[in-house]
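Engineer: I'll drop the sequence and a predicted model, then ask my questions.
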Amino acid sequence: MAEAAEQLGLAATRASVAMGARVEGIDLARDGGADVITELRELLLEHHLLVLPDQVLTALELEAFGRRWGDLLTHPATKHRDTDHVQFIGSKAAKQFTFFRGVHPFGGGWHSDMTWHPTPPIITGLHAQRLPSTGGDTAFANQHLAYESLSEDLQERIADKKAFHTGKVFGPDVEDSVHPVVRTHDETGREALYVNGNFTKYILDMPEDESELLLFRLLAHCTRPEFVYRHHWELNDLVLWDNRSVMHYAIRDYDETRIMHRIVVKGGKPS
């Protein structure tokens with residue numbers, strides 16, 4: 001894989017011990033061919049997250065890049081004026097701080113994108129358009145590491161459990177779904193925790209109090225610092241990550257405008 005990347009002019013370096021790689025030597029406005037996508041896909045499977053700096057892309061160019069990975073989903077919250085398949089995320093936070101079981105502003109809280117969807121996205125791409133002078137980082141947590149570091153007893157306890165996810169925060173007509181608590185990655189076969197504080201409401205076939213305690217325990221565990229990579233954004237950064245193995249948290253510690261464009265690639269039903 002290193003040889004293939006070198007032939008394409010790509011240079012990949014680890015972003016952190018927990019996860020992530022920074023990939024340089026690529027201009028997606030010009031170099032979006034099949035060989036590049038194949039190599040990026042391999043790197044994503046290995047590192048779970050890719051940072052592609054200095055990508056000057058319009059919303060339509062970002063959409064075209066996303067379609068090289070698969071079909072794109074739309075989001076019920078906001079859409080870009082030029083295309084429904086790129087989400088416009090603009091915010092001016094007032095230094096709002098949240099906890100994972102409480103009410104949160106849009107984008108806040110640890111989550112994997114759209115887990116309320118029956119076929120939630122396998123890949124998210126977030127492209128930095130405008131950034132505050134300070135703050136506005138995004139934290140990412142490796143859920144393979146989170147699962148693999150659980151005790152064997154707890155792994156056995158959750159092995160066949162399923163959880164209820166809801167997206168009603170985005171409107172009354174948004175779907176609800178049931179997914180495994182432990183998700184098996186359909187390309188690598190690795191297992192990952194697949195619950196989050198924003199959309200996972202309870203674990204099925206358990207008394208309410210037991211479900212609450214178990215979910216609280218899992219949510220407290222899955223974002224431990226040793227599983228986390230924190231990305232400090234630069235203008236025109238494009239960050240891709242694997243929603244099958246990664247959760248993220250948009251840190252709302254700024255009071256200036258922050259604008260992102262987002263694409264999400266449709267997946268299959270989690271198993």
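Structural biologist: Ah, there it is. Numbering: from 1, shown residues only.

Engineer: When you work out contacts or count neighbours from here on, use the C-alpha atoms and nothing else.
Structural biologist: OK.

Engineer: Next, give phi and psi for the spatially most central residue of the chain.
Structural biologist: By Cα atoms, centre = their mean, the mean C-alpha position of the chain lies nearest to N243, the distance being 4.5 Å. Note on N243: backbone dihedrals following degrees, to the nearest 10 are phi -70, psi -10.

Engineer: just the helices in the chain please.
Structural biologist: Counting by DSSP state H, the chain has helices at residues 2-7, 34-47, 59-67, 143-148, 152-158, 208-221.

Engineer: what packs against the fourth one?
Structural biologist: Meaning helix 143-148. strand 191-193, strand 246-250 (3 or more Cα pairs under 8 Å, 6 or more residues apart in numbering; DSSP states H and E).

Engineer: Can I get that helix in CSV, CA atoms only?
Structural biologist: Output in CSV follows, covering the C-alpha atoms of helix 143-148 (Å, rounded to 0.1, in the frame of the first residue of the first chain):
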residue,chain,number,x,y,z
GLN,A,143,-14.8,2.7,18.6
HIS,A,144,-12.8,-0.4,17.7
LEU,A,145,-10.4,0.5,20.5
ALA,A,146,-13.4,1.3,22.7
TYR,A,147,-14.9,-2.2,22.2
GLU,A,148,-11.6,-4.1,22.3
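
Engineer: close enough to count as contact, the residue nearest to the centre of the chain and G125?
Structural biologist: No - counting by Cα atoms under 8 Å, N243 sits too far from G125 to count as a contact (10.3 Å).

Engineer: mind checking the end-to-end distance for stretch 55-70?
Structural biologist: The straight-line separation of the ends of stretch 55-70 (Cα to Cα, to the nearest Å) is 20 Å.

Engineer: So what touches it?
Structural biologist: With contacts defined as Cα atoms under 8 Å, 6 or more residues apart in numbering, stretch 55-70 is touched by 27-29, 32, 34, 37, 72, 80, 82-83, 85-86, 125, 236-238, 261, 263-266.

Engineer: Let me see the mean pLDDT of it.
Structural biologist: For stretch 55-70, mean pLDDT rounds to 96.

Engineer: circling back: can you flag the buried ones in the contacts of stretch 55-70?
Structural biologist: Among the contacts of stretch 55-70, those that count as buried by neighbour count (16 or more other Cα atoms under 10 Å) are 28, 37, 72, 85-86, 125, 236-238, 261, 263-266.

Engineer: hmm, which two among the residues you listed are most spread apart?
Structural biologist: Farthest apart among these by Cα to Cα are N236 and K266. That separation is 23.7 Å.

Engineer: For stretch 170-180, output the C-alpha coordinates as PDB.
Structural biologist: Written as PDB, here are the backbone C-alpha positions of stretch 170-180 (Å, rounded to 0.1, in the frame of the first residue of the first chain):
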ATOM      1  CA  PHE A 170     -34.600  16.900  13.500                       C
ATOM      2  CA  GLY A 171     -38.400  16.600  13.100                       C
ATOM      3  CA  PRO A 172     -41.300  14.400  13.800                       C
ATOM      4  CA  ASP A 173     -41.100  12.500  10.400                       C
ATOM      5  CA  VAL A 174     -37.500  11.500  10.800                       C
ATOM      6  CA  GLU A 175     -37.000   7.700  11.000                       C
ATOM      7  CA  ASP A 176     -36.200   5.600  14.100                       C
ATOM      8  CA  SER A 177     -34.100   2.500  13.800                       C
ATOM      9  CA  VAL A 178     -32.800  -0.500  15.800                       C
ATOM     10  CA  HIS A 179     -29.100  -1.400  15.400                       C
ATOM     11  CA  PRO A 180     -26.700  -3.800  17.200                       C
END
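
Engineer: For it, give me every contacting residue.
Structural biologist: 76-77, 115-118, 160-168, 194, 270-271.

Engineer: what about burial for these, which qualify?
Structural biologist: Buried among the contacts of stretch 170-180 (16+ other Cα under 10 Å): 115-118, 162-167, 194, 270.
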